[in-house]
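Q: Turn this into a model:
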Amino acid sequence: MTDNTPGLAARRGAFKLLSAVLWQHRPLDLALDRALSGLEGPDRALARAIASQSLRWMVDFDAAIDSCTRKSLPHDARARLVLRMALAQLWVLKTPPHAVVSTALPLVEAGPRRLVHGVLSRLIRERRTLPETPQLPEPYATRWQQAYGQEATDAIA
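A: Below you'll find the predicted structure:
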């Protein structure tokens, strides 16, 4: 099935890129060409921006997602990855909410579309914001604090 929703190709590319990094454990730079093949210019740049910001703010996005569900989604769930991408667009890239929702739901495919829509709707309605700097994932935060001190770790974040 082909969906001609504007911007969806870039979101599919970002999804492929994030899947390669998070689920196949490939470095972002090495996964770029394969994941974004067929995308050019603005679509390629948007896909990379969505993926990069999803990774940078992942801990904060996961906290927001988990605050909206009774039971935490598995970290390798397609719905969680789509929600991370949607929040990167909404909170970091400042994409209009209607565009975020209309390009997120097709990525869930046969999954929990109502759950994704509900979480996004709640977070949009509550007008949440991100902290000044992203939280670092454990165990990096603790290890870097011990090795470099709090000031350097904050600068890294």
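Q: can we go C-alpha only for contacts and neighbour counts from here?
A: Fine.
Q: which residues touch the lowest-mean-pLDDT helix or strand in the chain?
A: Least confident element among the helices and strands of the chain, by mean pLDDT, DSSP states H and E: helix 150-156 (a mean of 82). In this structure, residues lying in contact with helix 150-156 by CA atoms under 8 Å, 6 or more residues apart in numbering are Thr133, Ala141, Trp144, Gln145.
Q: tally of neighbours for Trp144?
A: Using other CA atoms under 10 Å, Trp144 is surrounded by 17 other residues.
Q: Return the backbone torsion pair for it.
A: The phi and psi values for Trp144, taken as degrees, to the nearest 10, are phi -70, psi -40.
Q: Name the nearest residue to it, ignoring sequence neighbours.
A: Thr153 (6.0 Å; CA to CA, 6 or more residues apart in numbering).
Q: Leu18 now?
A: Ala51 (5.9 Å).
Q: Okay, and the one you found sits in which element?
A: Using DSSP states H and E, Ala51 sits in helix 41-56.
Q: Now the element after that helix, going C-ward?
A: helix 58-66.
Q: same for the following helix or strand past that following helix, what does it pack against?
A: Of the helices and strands lying after helix 58-66 in sequence (DSSP H and E), the nearest is helix 78-87. When contacts are defined as 3 or more CA pairs under 8 Å, 6 or more residues apart in numbering; DSSP states H and E, helix 78-87 packs onto helix 8-22, helix 41-56, helix 58-66, helix 97-108, helix 113-126.
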